[in-house]
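# predicted model, plus sequence, below.
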2 protein chains.
Amino acid sequence: MELRIHKSTLEEAVSETAAVLGKKSLLPVLNGIKMEVREKELVFVGCDGELMIKKVIPVHKGGFESVETGACVLPADFFQDLVKKMPGPVHMKIVNGRMMMESGGVKTSLSALSTEEYLSIPDVEWDGSISMNSMDLVELVRQTLFAAAKEGSRPVLTGIHLEFSGNQVQAIATDSYRLAFVKKRLNSGTDHSCTVPMKTLRELMKLFKNTKECLKIHITDQLFKVESGELTLISKLLDGAFPNMEALLSKSSKAELVIDKNRLMYSVDRAGLFAKDSGNHQIKLRLTKEKNLNISSFSPQVGMIEENIPLIKASGEGAMDVYVDSVFLLEALRATKGEDIQLFYNGTMSPLILRSRGDDEQVHVISPVRA
Amino acid sequence: MELRIHKSTLEEAVSETAAVLGKKSLLPVLNGIKMEVREKELVFVGCDGELMIKKVIPVHKGGFESVETGACVLPADFFQDLVKKMPGPVHMKIVNGRMMMESGGVKTSLSALSTEEYLSIPDVEWDGSISMNSMDLVELVRQTLFAAAKEGSRPVLTGIHLEFSGNQVQAIATDSYRLAFVKKRLNSGTDHSCTVPMKTLRELMKLFKNTKECLKIHITDQLFKVESGELTLISKLLDGAFPNMEALLSKSSKAELVIDKNRLMYSVDRAGLFAKDSGNHQIKLRLTKEKNLNISSFSPQVGMIEENIPLIKASGEGAMDVYVDSVFLLEALRATKGEDIQLFYNGTMSPLILRSRGDDEQVHVISPVRA
């Protein structure tokens, strides 16, 4: 195995694939990324057994030159740090089971492992694919992932549930105290549903956040695969039935308020300061007689804060008095597009519903906190 | 107590004085900053019993308006966060033992404590003062503080030892494995020596890093005081005799090398990658027959790296073979001014000495590591 490669080409490929590896394992091969020189392409693979990212660079794209084909596994963290600090193009060659690397006057060798024991996720038979814009997929993840459970007794809630049907995809994430729902158009699709783990989605966002590509998505009972030009990501799915939350998204309500989103965000952020001492970040929303939204919080040790926000519109019964978690509300507001927010209220003990005014792509639901 | 104040004036004063307070104390008054409205000035004080920072803003400077004199202690962390999130100028007033604050439509109250139990460092009789440029003081601290002990059995090593004599100040910091020495000119001075704690010096750097002021420095047996126009910092000194390290700074040496500083920094940084697995970050410096400096490191599990750096000058015996801690060497190089480094070598077991070529303001000494 031997090649010459530009520093930037190597640095990008290593950083994209090494990101999969998390905590250090005692087995060296599990801390490595696989690198393979073929005649017409160069392949990098990072895999932790649950998630695999593969990058294939065709030789016609430039940036490297294959001298001799071959494959090996290199320690990801050292390799990544080393490439960053190399002064220029790198000449890499396996000699006596070690990867010799030269760049400028710098000579270095890394222990290289054989690829035999390297983890892999089998590339199974994939049936009909879904076609989706990378910007839409990244946005869909960004608008829902914060609401997924960070941990807990129901592993299926630590991911995003996706439902593809016709030319549309719906995404739902919930930690059972709040819920984020988004739907997007697809370029083309087949009917499928699955729950994708949080880690996979975080890597997806990183890989495609600044791209504008047409992605191919494939889903089987066990696996989720996303392909772009040079990158392939294959992930195991989360087991278990995702709860049916559609009932929570109903539009009927006792009262409906329309509020400037940024104005509300600043207020909730301020009120959250005094709420942080209470375990549930509890702030109070109340509709005043003058049809303002009064936002307040109170910490017995420290103090209180309150302010009135003018409403763009208030309809329905007109009474409202509810305690919510300021962090949940703030995260939902940050994820919501548009300038004006619709807030639907159904009683002190019923969930609050948030929508962007004039847009039914997104819905956020937040359980009230008992005062 | 009542005043009206610009948000930026309040924010700056609170952040400068609240920085003194570290870990949260169980006693609320120890987590507070003191605020005092006088007729002609506004005073903020942060104090943890060891270090006090006081800011005095004269009324003619603008930015606030005194309505009624008075003083109180406010919880530093809440007050600081709250001021940041206020929409504009703030009206502050003590009502029934609470600080009422209004800004735009936002109303808030903070529990205010009486100033009686507030910690203070007595403002003693100060004799003759030293006058020093703030940029010189900040640079002196930056060039030495990294070498002070982070903790350990000898508390006096956790600070910088300052010796003022005539129109010059010398600073030494050492953790007993390496040493940083700097001298600077003073505008005017008196003879004094003292050891100032690390925390005090860190705050000094923060307060004066972007200023160009003439500072007044006063020293007593117990205290160190620095004054600028609006800020006063008073700190307790570290007890104990600082070891005499002057003998280590001698210029005699077996070999002297002159090296491009940046070239050496990049090499040491790279070699340090492989050294991080060993407890002491051990890298090897060796003079080759061709009069290059060979820098290498080796990690049995991972691999090795080596490179040759051309020397600008090599004089003396010409042999050199020494192991050093790459982090110590890198920190010393980063703190050193100028483009070329002089490296003095006295044998495998003797300390390495670093100087900036053509500048005797700075010296760094680093103990070798046993291979």
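Thanks, I have it.
# only C-alpha atoms from now on, for both contacts and neighbour counts.
Noted.
# show me what the lengthiest helix in chain A is packed against.
Using DSSP state H to define each element, chain A has its longest helix at helix A:261-275. Under the contact criterion of 3 or more CA pairs under 8 Å, 6 or more residues apart in numbering or on different chains; DSSP states H and E, helix A:261-275 touches strand A:282-287, strand A:292-299, strand A:303-310, helix A:326-335, helix B:76-85.
# run through the residues of the stretch 201-350 of chain A sitting next to chain B.
Contact residues (CA under 8 Å from any CA of the partner chain) of the stretch 201-350 of chain A with chain B: A:266, A:269-270, A:273-274, A:301-308.
# tell me which residues in the longest helix of chain A are buried?
Across helix A:261-275, burial judged by 16 or more other CA atoms under 10 Å in any protein chain shown covers A:K261, A:L264, A:M265, A:S267, A:V268, A:D269, A:R270, A:A271, A:G272, A:L273, A:F274, A:A275.
# over to stretch A:297-316?
A:297-299, A:302-310, A:314.
# so how far is chain B from the spatially closest residue to A:A171 that is not a sequence neighbour?
In space, and not counting its chain neighbours, A:A171 is closest to A:L162: 4.6 Å by CA to CA, 6 or more residues apart in numbering or on different chains. In this view, A:L162 and chain B are 38 Å apart by CA to the nearest CA, to the nearest Å.
# quick one: A:L162 is in a helix?
No. Using DSSP: H, G, I helix; E, B strand; the rest coil, the assignment for A:L162 is strand, not a helix.
# count of neighbours near it?
19 (other CA atoms under 10 Å in any protein chain shown).
# surely it touches A:P197?
No. Between A:L162 and A:P197 there is no contact under CA atoms under 8 Å: 11.0 Å.
# count of neighbours near A:K254?
Counted with other CA under 10 Å, the neighbours of A:K254 add up to 14.
# follow-up on the earlier one: out of the buried residues of stretch A:297-316, which two sit at the greatest distance?
Spatial extent of those (CA to CA) is set by the pair A:V302 and A:A314 at 33.0 Å.
# if we can go back for a sec, export the buried residues of stretch A:297-316 to CSV and tack on pLDDT?
Output for these, formatted as CSV (pLDDT from 0 to 100):
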residue, pLDDT
A:S297, 94
A:F298, 90
A:S299, 86
A:V302, 84
A:G303, 89
A:M304, 93
A:I305, 95
A:E306, 96
A:E307, 97
A:N308, 96
A:I309, 96
A:P310, 95
A:A314, 91
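# sketch out the low-pLDDT regions of chain A for me.
Applying pLDDT under 70 to chain A flags the ranges A:251, A:278-279, A:318, A:371.
# against A:L264, how distant is A:E230?
Here A:E230 is placed at a distance of 42 Å from A:L264 (CA to CA, to the nearest Å).
# my bad, A:H364
15 Å.
# just A:I305 next, same as before
A:I305 is 14 Å from A:L264, by CA to CA.
# now do the longest helix of chain A against strand A:303-310, angle only.
Orientation check (axes from the mean of the first three to the mean of the last three CA atoms, to 10 degrees): helix A:261-275 against strand A:303-310 gives 170 degrees.
# chain center to helix A:261-275, what's the gap?
25 Å (CA atoms, centre = their mean, to the nearest Å).
# now the helices for the stretch 101-250 of chain A?
Counting by DSSP state H, counting those that start in this stretch, the stretch 101-250 of chain A has helices at residues A:134-144, A:198-208.
# list the buried residues for the first one?
Applying a neighbour-count criterion of 16+ other CA under 10 Å, one finds A:S134, A:M135, A:D136, A:L137, A:V138, A:L140, A:V141, A:R142, A:Q143, A:T144 buried in helix A:134-144.
# how far is that helix from where the chain is centred?
8 Å.
# for the residue in the stretch 51-200 of chain A positioned nearest to chain B, give me its contacts.
The nearest approach of the stretch 51-200 of chain A to chain B comes at A:T108, 3.9 Å away (CA to the nearest CA). By CA atoms under 8 Å, 6 or more residues apart in numbering or on different chains, the residues touching A:T108 are A:M100, A:M101, A:E102, B:G303, B:M304, B:I305, B:E306.
# mind running it again at 10 Å?
If you count contacts by CA atoms under 10 Å, 6 or more residues apart in numbering or on different chains, A:T108 has them with A:82, A:92, A:98-102, B:270-271, B:274, B:296-298, B:303-307.
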